[in-house]
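Q: here is my input, please return the structure:
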Amino acid sequence: MSKIVILAFGTRGDVAPVTGLGTALAAAGFSVAVAAQEPYRDLVTHAGLEFRHLPRDTEEETRNSASAQDLINGGRMKPSRNALADMVDQLRGVGPAMAEVAKDADLLIAASPVSSLFGYHIAQGLKIPSVGAFLQPLARTGDFPPPPLGTRSLGRLGNHALWKMGALGDKVYLPLINDLRAELGLPATTLQFQKERDAQWAILNGFSEFVVPRPQGWRENVHITGYWWPPVDPDWQPSAELTAFLDDGPAPVFVGLGSTATNNGDQLSETISAAVRKSSVRTVVQSGWARLHADGDDVLTIDDAPHEWLFSRCAAVVHHCGAGTTAAALRAGVPSVPTPGIMDQPFWAKRLHELGAGTAPVPRRELTVDSLADAIAEAVSNVTYRASAGSVGERLAAEDGVGNAVRLISNLAY
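A: All right, here's what the predicted structure looks like:
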């Protein structure tokens, strides 16, 4: 039996989809281990998969980093010496830990941007095949700029230039990469490794072509498989309070910011509370990493509930536009109110609006009581949003993303 190790360093949104991929691989006869940070142990083991520990705590380190807080709360990326040193320190020790958990692997899957930073080199050192597995389009194209660098297209030539500029960001991590390569018995490298990796590495994209049409210029071994839906925990049950709230009136609006580890949760909560009062909607607020909270007869604050269960019971979903939450809203056929912050979130917010499945994005740095209330009212009252979201949801239901991914991975593993 071939051993597959999936490196899933990051937030819950990085880990949950690969549990769906992992369970499908296990059903196909592979022995599968998912390497992630400690907060996601139960997420992995409840899916019936082996958990392997990776160090660090992304939530706490984001909270404790002044530069990360500035960025996550709407500031511009400022590549100061302190900020760059902070970025490197947050990944110190991660590469060697990944190499350790992958020692018995026959195939390595690097399933997040951080995982791909080290995974390619680990697979080289172990002399095993590897594949990148991403939830956002990270292969170069002239169709659009790199998702972490904004949504404004500069034309094909300009977009390609932005991809080249974005790739330079790996330079700050070269000392960590080369320390890892030395431990693996490999020679030191430069950013030249990117060209070698990009020329030969198979990449699986866990999203749908109905949401992101295949970009021009992608290599043949860059695949769009469809989404990898996480398995539902068979032991999960909604609280009596949540069930009663849902049964006690019209479908509510969901509000959540997922893995947004901001220290401005109280301020955001005040804005959200005032906005939902103004728009006169019943509301379920998910606390999440932002530690949101709201009170009132028509408002319920909850800790966690599976999106695949909750979203279909909602009138609209106000969210940060993480890749997984965006997918879950589309799967449920529910209109979105995009409130994007950083990284790939503005990219998904724009896609939702272009698909007609979401209102115009309300960037989190521009979020006000009026802007949020107006967007919620529009999402709930304009039936075209639900029709468009429902149409996409029907198409997603017909896809077999994990099946497509398993077939491609099987070709690499044997």
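Q: pLDDT score for the closest residue to residue 113 other than its chain neighbours?
A: Spatial nearest neighbour of residue 113, chain neighbours left out: residue 138 (6.8 Å); criterion: Cβ to Cβ, 6 or more residues apart in numbering. Backbone N, C-alpha and C define where each C-beta goes, glycine included. Note on residue 138: pLDDT of 94.
Q: what about residue 138, how many neighbours?
A: As a burial measure, residue 138 scores 19 neighbours (other Cβ atoms under 10 Å).
Q: give me every residue that touches residue 167.
A: Residue 167 makes contacts with 191, 194, as judged by Cβ atoms under 8 Å, 6 or more residues apart in numbering.
Q: how about residue 357?
A: Residues in contact with residue 357 (Cβ under 8 Å, 6+ apart) are 329-330, 335-336, 385, 388-389, 392.
Q: dump these to TSV, plus neighbour count and secondary structure.
A: Below are the contacts of residue 357 laid out as TSV (neighbours: other Cβ atoms under 10 Å; DSSP: H, G, I helix; E, B strand; the rest coil):
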residue	neighbour count	secondary structure
329	31	helix
330	31	helix
335	30	coil
336	30	strand
385	24	helix
388	18	helix
389	26	helix
392	20	helix
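Q: so residue 20 versus residue 307, what's the distance?
A: From residue 20 over to residue 307 the distance is 13 Å, taken as Cβ to Cβ, to the nearest Å.
Q: the two: which is more packed in?
A: Legend: neighbour count by other Cβ under 10 Å for residue 20 and residue 307, higher for residue 307 (26 against 20).
Q: ok, for that one, nearest residue in space, not its chain neighbours?
A: residue 328 (3.7 Å).
Q: any idea how many residues pack against the one you found?
A: The number of residues packed near residue 328 is 24, by other Cβ under 10 Å.
Q: from here on, call the first residue 25.
A: Let's use 25 as the start, then, which means that last one is residue 352.
Q: you'd agree it is up against residue 329?
A: No. Judged on Cβ atoms under 8 Å, residue 352 makes no contact with residue 329 at a distance of 11.3 Å.
Q: what residues sit buried inside stretch 398-417?
A: Judged by neighbour count using 16 or more other Cβ atoms under 10 Å, the buried positions of stretch 398-417 are 398-404, 409-410, 412-417.
Q: that stretch: end-to-end distance?
A: One end of stretch 398-417 sits 25 Å from the other (Cα to Cα, to the nearest Å).
Q: kindly report the same for stretch 377-396.
A: Per Cα to Cα, the first residue of stretch 377-396 is 15 Å away from its last.
Q: before we move on, what about stretch 319-335?
A: End-to-end distance for stretch 319-335: 20 Å, by Cα to Cα.
Q: what mean pLDDT does the one helix or strand residue 219 maps to get?
A: Using DSSP states H and E, residue 219 falls within helix 216-224. Across helix 216-224, the average pLDDT comes to 89.
Q: what does it rub up against?
A: 144-145, 163-164, 191, 194, 201, 243, 245.
Q: now do the buried residues in it.
A: 217-218, 221-222.
Q: ok, now stretch 163-176?
A: 163-173, 175.
Q: same question, stretch 325-339
A: Quick answer for stretch 325-339 (16+ other Cβ under 10 Å): 325-326, 329, 331, 334-335, 337-339.
Q: of all those residues, which comes closest to residue 123?
A: residue 331 (33.3 Å; Cβ to Cβ).
Q: surely that closest one meets residue 358?
A: No. Under the contact definition of Cβ under 8 Å, residue 331 does not touch residue 358, with a separation of 10.0 Å.
Q: show me the helices in the stretch 175-324 of the chain, by range?
A: Using DSSP state H, counting those that start in this stretch, the helices found in the stretch 175-324 of the chain span residues 179-191, 198-207, 216-224, 264-271, 289-303.
Q: now those helices in CSV, with distance to residue 257?
A: Below are the helices of the stretch 175-324 of the chain laid out as CSV (distance: least, Cβ to Cβ, whole Å):
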stretch, distance to residue 257
helix 179-191, 37
helix 198-207, 35
helix 216-224, 35
helix 264-271, 15
helix 289-303, 26
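Q: and among these, the most buried is which?
A: helix 289-303 (a mean of 19; mean count of other Cβ atoms under 10 Å).
Q: ok, and what's touching that one?
A: Contacts for helix 289-303 (Cβ under 8 Å, 6+ apart): 277, 279, 281, 286, 307, 309, 314-320, 322-323, 342, 391-394, 396-398, 400-401, 404.
Q: are there residues contacting both of residue 352 and residue 329? Which ones?
A: Common neighbours of residue 352 and residue 329 (Cβ under 8 Å, 6+ apart) do not exist.
Q: out of the helices and strands in the protein, which is least certain?
A: helix 105-113 (a mean of 78; mean pLDDT, DSSP states H and E).
Q: just the CA coordinates of that one, formatted as CSV?
A: Taking Å, rounded to 0.1, in the frame of the first residue of the first chain, the C-alpha atoms of helix 105-113 are listed here in CSV:
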residue,chain,number,x,y,z
ARG,A,105,13.2,44.8,7.6
ASN,A,106,11.2,44.0,10.7
ALA,A,107,8.2,42.8,8.8
LEU,A,108,10.4,40.5,6.6
ALA,A,109,12.2,39.2,9.6
ASP,A,110,8.8,38.5,11.3
MET,A,111,7.7,36.5,8.2
VAL,A,112,10.8,34.4,8.2
ASP,A,113,10.6,33.8,12.0
